[in-house]
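Participant: predicted model, plus sequence, below.
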Amino acid sequence: MTKIKSLADLRKIKEDLQEKIRLRENADQPEKLVQIKVGMATSGIASGAKEVMNFLIEELEKRNVEAVVTQTGDMGYCYAEPTIEVIVPGKEPVVFGNVTTKKADEIIEKYIKNGELVDGIIPRNYETIDN
Amino acid sequence: MKELALHILDIVNNSITARATHITIAIEENLSRDSYLIKVIDNGKGIEADMIDKVTDPFITSRTTRKVGLGLSLLKQNAERTGGYLRLESTPGKGTTVECCLGLSNFDRPAIGDISGVVAMLAGSFTDIDFVYSHHTDVGQYLFDTKEIKNALDGVPITDPSVRRFLVEMIDENLAEIKIIR
């Protein structure tokens, strides 16, 4: 039987990781990384936001895009879940709706890598008025 | 929702909205009592007494973006149709405990699903929050604590994809060891 993984194994892989992270250019400057927030409220979870988030984390690493993928609460677009917000450094945040893994793939290849807009953007159609 | 793990993710998000800094997810499988008990315990801001009886009402929510709140209602529905229950205990300023019991062998009990993925996702998304996940079966217990993980990582971010993969594998292997019911 193979031995099950424990904290001791984690300490072992830690050293390789420290080296890998040191080599990254922007590891300590999160504002230079692509930031993605995945809406993870009840409606997001029920429509598959977790799979989309896992897909983004795995694929961005494979395709060498330095990014931080986190989850956030409700963005108020229950009709268009799963919803993700993408911030490419130096650009305004963009919210995409109905993001399947296929759509997420398109967003990585077209929007994040090449700056082309893809279908499914939820426009910001109002400004908040401060009372 | 098709998996209990997704319900747990949803309930934990309530704790995060309530600004909890310590969240425990405890699962207890008991064959002799035929029960599957899930507890989510947080130290968030708690729920006021006049609200606590209403939170499982789908048309009650504390958020302002919309008027429905389905998370607890859906879990309650799933629990009750397996002969179980959902209970809430809360002290304003101290925290909230959600206790959900399902019939273990009941045909309608959803499978636990990807619990290791959910725990690793939470640990990687909310790095300021300490998460404890414990899983009890008749064979044994597994305890996962993000504090221990962060200590072992010694500065390497828990958000790193390879750390996440490691955590998922570690949790899965340990859960297989105590023979959890899928």
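Facilitator: Okay, I see it. Keep in mind that this is a model prediction, so the values were computed, not measured.

Participant: rest of the way, CA atoms for contacts and neighbours
Facilitator: Noted.

Participant: enumerate the residues of chain B near chain A.
Facilitator: Counting by Cα under 8 Å from any Cα of the partner chain, chain B comes close to chain A at B:1, B:6, B:10, B:13, B:65-66, B:70-71, B:124-125, B:149, B:152-154, B:156, B:159, B:161, B:166, B:169-170, B:173-174.

Participant: can you select the buried ones among these for me in PyMOL?
Facilitator: Selection of buried members from the residues of chain B next to chain A for PyMOL, criterion 16 or more other Cα atoms under 10 Å in any protein chain shown:
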select buried, chain B and resi 1+6+10+13+70+71+124+125+149+152+153+156+159+161+166+169+170+173+174
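
Participant: out of the residues of chain B next to chain A, which are inside helices?
Facilitator: Judged by DSSP state H, the residues of chain B next to chain A include B:6, B:10, B:13, B:71, B:124-125, B:149, B:152-153, B:161, B:166, B:169-170, B:173-174 as members of helices.

Participant: residue B:100 - that's part of a strand, no?
Facilitator: Yes: with DSSP: H, G, I helix; E, B strand; the rest coil as the criterion, residue B:100 is part of a strand.

Participant: how close does it get to residue B:142?
Facilitator: Taking Cα to Cα, to the nearest Å as the criterion, residue B:100 is separated from residue B:142 by 19 Å.

Participant: these two: which is more packed in?
Facilitator: Ranked by neighbour count (other Cα atoms under 10 Å in any protein chain shown), residue B:100 and residue B:142 place residue B:100 first, with 22 against 15.

Participant: surely that one meets residue B:28?
Facilitator: No: with contact defined as Cα atoms under 8 Å, residue B:100 does not reach residue B:28; the gap is 10.5 Å.

Participant: and residue A:49, how close does it get to chain B?
Facilitator: Residue A:49 is 10 Å from chain B, where distance means Cα to the nearest Cα, to the nearest Å.

Participant: next, count neighbours for that residue.
Facilitator: So residue A:49, with other Cα under 10 Å, has 26 neighbours.

Participant: chain neighbours aside, what residue packs nearest to it?
Facilitator: residue A:82 (5.1 Å; Cα to Cα, 6 or more residues apart in numbering or on different chains).

Participant: the one you found in helix, strand or coil?
Facilitator: coil.

Participant: before we move on, what about the one 4 residues further on?
Facilitator: For residue A:86, the secondary structure call by three-state DSSP comes out as strand.

Participant: how far away is it from chain B?
Facilitator: On the measure of Cα to the nearest Cα, residue A:86 and chain B end up 16 Å apart.

Participant: show me the strands in chain B, by range?
Facilitator: Ranges of strands in chain B, per DSSP state E, are B:22-30, B:35-42, B:85-91, B:95-103, B:130-136, B:141-145.
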